[in-house]
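Engineer: Predicted model and sequence below, questions to follow.
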Amino acid sequence: MRESRLPRVRASELVGRGWLNTGGRDVTLADLRGKIVILDFWTFCCINCLHVLDELRALEEQHRDVLVIVGVHSPKFVHEADPVALAAAVERYEVHHPVLDDPNLVTWSAYTARAWPTLVVIDPEGYVVAQMAGEGHKRNVEILVGELIAEHEAKGTLHRGDGPYVAPAPAEGTLRFPAKAIVLPDGHLLVADAGHHSLAELEADGETLVRRIGSGERGLVDGGPDEARFSEPNGLCLVPDELRPWLGYDVLVADTVNHALRGVRLDDGTVTTVAGTGEQYMVGAADNLLGVEPWDEPDEEPAFEPVIGMPGDASDAFVATLTTVTSGATGTRAPETFLPGPRRQKSSPWDVAWSEPLGAFVVAMAGNHTLWVFDDKQGSIELLGGTMNEGLVDGPLHEAWFAQPSGLAVASDDRIWLADSETSALRWVDPVERTVHTVVGEGLFDFGHRDGPAAEARLQHPLGVAVLPDGSVVVADTYNGAIRRYADGSVSTLATDLAEPSGIVVLDGGATLLVVESAAHRLTRIALPATLVGQILDSGSHRTQRPVTELAPGEVRLDVVFTPAAGQKYDDRYGPSTRLQVSSTPPGLLLEGAGDDVALDRVLRLDPTVPEGVLHVTAHAASCDADPAIEYPACHLNAQDWGVPIRLVEGAPATLTLPLHG
């Protein structure tokens, strides 16, 4: 048994506005006595939270008679506090356990959660035994659940049987949570029908189904249209005419939850996986690669060319230094840092677009806040921009920070426009200078619906973007339910009262927009006025409201707690196994302690003249199997970003503890 369990603390009651997936019943901790309970604090905008939902699916099915997962939905954005929007998200992401609606963060505060996602494990006697922030804890949780089953079965405190989950009635319709759409060469529309795990080809009317590509079952299977499987596909891009004979497919698909890129041949609907392994890329993990297998004799020596990687210590060993390898090399696989793109794992690709200057497809890799370029003719995929830190930092792409990039569009001047969803930002990339620039957006916690000068304008979690013939940019402002337009340094509103618009197609030479209304399960046409003058609306700007942590001014000890799971140890093969980055808003809040270092604890000095602000903390900790008899130990990276609002108060605690895993 683990010796590093938390002190025995009774779990707090589950309090919120209501419950979903329980058949209308409220659920109390007393109802769950005898079960192992995992509280999953999540918010449906958060890609890391969606990753955790997927990490927990197999565990949930395996132990459904003794394990109850309870999703505690504690919203970040205003839209996420809407109970109708939450119900749609629970359906969209196929959440098969009870969900507590916690709009006022009551239960979040009771468990001192400070990050999305956070997992709290409660034993069958009602005591908290573990808390961990971030994603990547799948193996840790599996081990802990196994220990708790054995312990409480022996004590007689484990009760087997059904939990409180009640499945909702299945929904029907041609489309279910469609994500994005494109116009095919014959005028038909191809829609990424995410909720049906397939692609829907429609007549030009946007309603009549021509055919479906994909069986409709979640999975990663290649083949014809009836046997192929997708998992929540999002982005679509037509392959340039000149490349189709080389590549053998006509459409590139960002198959998001499969962490893969798929190619679709339109004449017969054949689907092929062209990049990705079906598993999520986790920085430094040994299973980022497919297994070793022989290659044929090469025509020439493979040329390994490192590309942009993350700066700093152990990250250089962790991050993508990908390569173009001549087809048919021989021998065992190259090391991870020199592996051809199709054999590498990806992380939630959300959209794809063709860039002529780059001679490749640009991939918005929402799962680790980066942009990539995919050249399937050369068999390569390379990191284009982003450090895997989540935030809003402009400048050279190799230093830039993104936050769930989710929509791409290429303009006639070759600019790559980007909907950066978690920073509620509209940004653009210069593919020649390799720089990124923000025109709308302030950061992770600033959003709203405000038109006017771009520097003052606000969006709310946009997922789609398109370019009009006049060069102006239209944005699917998803959580505002609006279509916004950026032109000449100003933002206006073209349409409102839409149900989570997530994609836009420009039709009729720019006279019409076809909007993918995801939460309404339909495509909607919007005729644009000849003058393209939208409304100027101001519904205000907002900051994400989270409970404030009171700390003493002056010296404060920051302690990120990480305990490797049973049978695991710190992974020091590539240098230091931990990393801690600290900064603040405003920067003057931190007199000492900002920056990047190895240790997970640090002394900070807070300026007593700055009464409040936000501490930004990013922590990484790598662990692997400790058994020396295992030649290739399984390794795992635990990572989390915290934005902790603080207020300086004399006499308040002088320690801030953040549980990465403890």
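Structural biologist: Ah, there it is.
Engineer: in this protein, which ranges drop under the pLDDT threshold?
Structural biologist: Counting by pLDDT under 70, the chain contains low-confidence ranges at 1-7, 282-344, 533, 543, 573-575, 631-636, 662.
Engineer: change it to 50
Structural biologist: When residues are selected by pLDDT under 50, those of the chain lie in 1-4, 284-340.
Engineer: so where do the helices sit in it?
Structural biologist: For the chain, the helices defined by DSSP state H cover 47-62, 83-92, 106-110, 138-155, 244-247, 315-318.
Engineer: Select, out of these, the one closest to Gly269.
Structural biologist: Among the helices of the chain, helix 244-247 comes nearest to Gly269, with 15.1 Å by CB to CB. Glycine gets a C-beta too; all of them are placed from N, C-alpha and C.
Engineer: Give me the distance from that closest one to the chain's centre.
Structural biologist: Between the centre of helix 244-247 and the centre of its host chain there is 31 Å, according to CA atoms, centre = their mean, to the nearest Å.
Engineer: which other residues reach that helix?
Structural biologist: Contacting residues not belonging to helix 244-247 are listed as Val239, Asp250, Gly263, Val274, Asp376, Lys377 [CB atoms under 8 Å, 6 or more residues apart in numbering].
Engineer: one more time with 7 Å, if that's ok
Structural biologist: Counting by CB atoms under 7 Å, 6 or more residues apart in numbering, the neighbours of helix 244-247 from elsewhere in the structure are Val239, Asp250, Gly263, Asp376, Lys377.
Engineer: these two touch, right, Asp123 and Glu147?
Structural biologist: No: in this structure Asp123 lies outside contact range of Glu147 using CB atoms under 7 Å: 9.9 Å.
Engineer: Can you get me a residue count around Glu242?
Structural biologist: Using other CB atoms under 10 Å, Glu242 has 8 other residues around it.
Engineer: wait, what's in contact with it?
Structural biologist: Counting by CB under 7 Å, 6+ apart, Glu242 makes contact with nothing.
Engineer: ranges for the strands of the stretch 201-350 of the chain?
Structural biologist: If DSSP state E, counting those that start in this stretch is used as the criterion, the strands of the stretch 201-350 of the chain fall at 209-213, 233-238, 251-255, 260-265, 270-275, 349-355.
Engineer: Dump those strands to JSON lines, plus mean neighbour count and distance to Ala527.
Structural biologist: Conversion of these to JSON lines gives the following (neighbours: other CB atoms under 10 Å; distance: least, CB to CB, whole Å):
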{"stretch": "strand 209-213", "mean neighbour count": "16", "distance to Ala527": "24"}
{"stretch": "strand 233-238", "mean neighbour count": "24", "distance to Ala527": "24"}
{"stretch": "strand 251-255", "mean neighbour count": "28", "distance to Ala527": "27"}
{"stretch": "strand 260-265", "mean neighbour count": "24", "distance to Ala527": "31"}
{"stretch": "strand 270-275", "mean neighbour count": "21", "distance to Ala527": "35"}
{"stretch": "strand 349-355", "mean neighbour count": "23", "distance to Ala527": "25"}
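Engineer: Out of those strands, which gets nearest to Gly24?
Structural biologist: With respect to Gly24, and counting by CB to CB, the nearest of the strands of the stretch 201-350 of the chain is strand 233-238 at 32.7 Å.
Engineer: mind listing what that closest one pairs with, with the direction of each?
Structural biologist: Take DSSP bridges as the rule and strand 233-238 pairs in its sheet with strand 251-255 (antiparallel).
Engineer: can you list contacts of the strand it pairs with?
Structural biologist: Judged by CB under 7 Å, 6+ apart, the contacts made with strand 251-255 from elsewhere in the structure are 190, 192, 230-231, 233-239, 261-264, 266, 349-352, 361, 363.
Engineer: Equivalent analysis for stretch 229-236, please.
Structural biologist: In this structure, residues lying in contact with stretch 229-236 by CB under 7 Å, 6+ apart are 179-182, 190, 192, 194, 197-199, 214-215, 217-221, 251, 253-258, 262, 349-352.
Engineer: separation between the nearest residue to His63 once chain neighbours are set aside and Gln131?
Structural biologist: With CB to CB, 6 or more residues apart in numbering as the criterion, His63 has its nearest non-adjacent residue at 6.2 Å, and that residue is Val145. Noted for Val145: a distance of 15 Å to Gln131, by CB to CB, to the nearest Å.
Engineer: These two: who's more crowded?
Structural biologist: A side-by-side neighbour count of Val145 and Gln131, using other CB under 10 Å, places Gln131 first with 21 against 18.
Engineer: Quick one: neighbours of the nearest residue to that one once chain neighbours are set aside, just the number.
Structural biologist: With CB to CB, 6+ apart as the measure, Pro659 is the residue that lies nearest to Gln131, at 4.6 Å, once sequence neighbours are left out. For Pro659, the tally of surrounding residues (other CB under 10 Å) stands at 24.
Engineer: Name the residues linked to Pro659 by a beta bridge.
Structural biologist: Partner residues in beta bridges with Pro659, using DSSP bridges, are Val561.
Engineer: which residues does it contact?
Structural biologist: Contact partners of Pro659, counting by CB under 7 Å, 6+ apart, are Gln131, Met132, Ala133, Val561.
Engineer: For stretch 617-629, C-alpha coordinates in PDB please.
Structural biologist: Only the C-alpha atoms of stretch 617-629 are listed here, as PDB (Å, rounded to 0.1, in the frame of the first residue of the first chain):
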ATOM      1  CA  VAL A 617       2.600  28.600 -12.400                       C
ATOM      2  CA  THR A 618       3.500  25.800 -14.900                       C
ATOM      3  CA  ALA A 619       4.800  22.500 -13.500                       C
ATOM      4  CA  HIS A 620       6.100  19.300 -15.200                       C
ATOM      5  CA  ALA A 621       7.100  16.000 -13.500                       C
ATOM      6  CA  ALA A 622       8.100  12.900 -15.400                       C
ATOM      7  CA  SER A 623       7.900   9.400 -13.900                       C
ATOM      8  CA  CYS A 624       8.500   5.900 -15.200                       C
ATOM      9  CA  ASP A 625       8.200   2.300 -14.000                       C
ATOM     10  CA  ALA A 626      10.800   1.600 -11.300                       C
ATOM     11  CA  ASP A 627      11.300  -2.200 -11.900                       C
ATOM     12  CA  PRO A 628      14.900  -2.600 -13.200                       C
ATOM     13  CA  ALA A 629      13.800  -5.800 -15.000                       C
END
